[in-house]
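Novice: Take this sequence and fold it.
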Amino acid sequence: MITYRDLINLDIPTLVGFEREIYPESPWSAAQFREELSGVPKTRKYIVALDENSIIGYAGIALAGDVADIHTLTVVAAYRRRGIASEMLRTLEEWAMSKKVKAIMLEMREGNSQAQPLYEKHGYSVISRRDNYYAPGIPGLFEAENSLQM
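Specialist: Model (predicted):
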């Protein structure tokens, strides 16, 4: 059974390992995760998905005025296509709406054929594209927004 809980500092080494494996060209460091957690609960929300006691996914969002920005949404490959990302996204969206944001933004690599349908299903649409966002030569990125109807 998959469960969800708030991210804690003890989770960071596991997430850094996932980052190096899943995003080898631009992984988050332990310091970046600690910095994000320093904003919880006032301006940040970070969660993990667990199978038993093993982390299998993680997600986070940050407030910036009346807009929230999804910083990460990751599920390990063996657990994809089971609704885990949708559940984490829904949790982040509910938290953002409780903070009275008007829109939620995210950035995604162009061509991420696994994530794009998820975001579109949740009402996100492309608002801009930027090349070389992650690093020179890495395919472009698109920014998407979901303007919330409250």
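Novice: Which strands or helices does the longest strand belonging to the chain pack on?
Specialist: When the chain is parsed with DSSP state E, its longest strand is strand 54-64. For strand 54-64, the elements it packs on are helix 12-22, strand 44-51, strand 67-75, helix 84-98, judged by 3 or more CB pairs under 8 Å, 6 or more residues apart in numbering; DSSP states H and E. (Each C-beta comes from the backbone N, C-alpha and C, glycine too.)
Novice: can you list those in CSV and add mean pLDDT, mean neighbour count and distance to His122?
Specialist: Output for those, formatted as CSV (pLDDT from 0 to 100; neighbours: other CB atoms under 10 Å; distance: least, CB to CB, whole Å):
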stretch, mean pLDDT, mean neighbour count, distance to His122
helix 12-22, 96, 15, 21
strand 44-51, 98, 21, 16
strand 67-75, 93, 21, 10
helix 84-98, 95, 18, 6
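Novice: Among those, which comes closest to Ala30?
Specialist: The minimum distance between Ala30 and the helices and strands packed on strand 54-64 falls on helix 12-22, with 5.2 Å, by CB to CB.
Novice: Hey, what's the angle from the closest one to strand 67-75? Just curious.
Specialist: 80 degrees (axes from the mean of the first three to the mean of the last three CA atoms, to 10 degrees).
Novice: how far is helix 12-22 from where the chain is centred?
Specialist: Chain-centre distance of helix 12-22: 14 Å, with CA atoms, centre = their mean, to the nearest Å.
Novice: now the angle from that helix to strand 44-51?
Specialist: Using the same axes, to 10 degrees: helix 12-22 against strand 44-51 is 80 degrees.
Novice: who's in contact with helix 12-22?
Specialist: By CB atoms under 8 Å, 6 or more residues apart in numbering, the residues outside helix 12-22 that reach it are 7, 27-30, 33-34, 37, 48, 55, 58, 74, 76-77.
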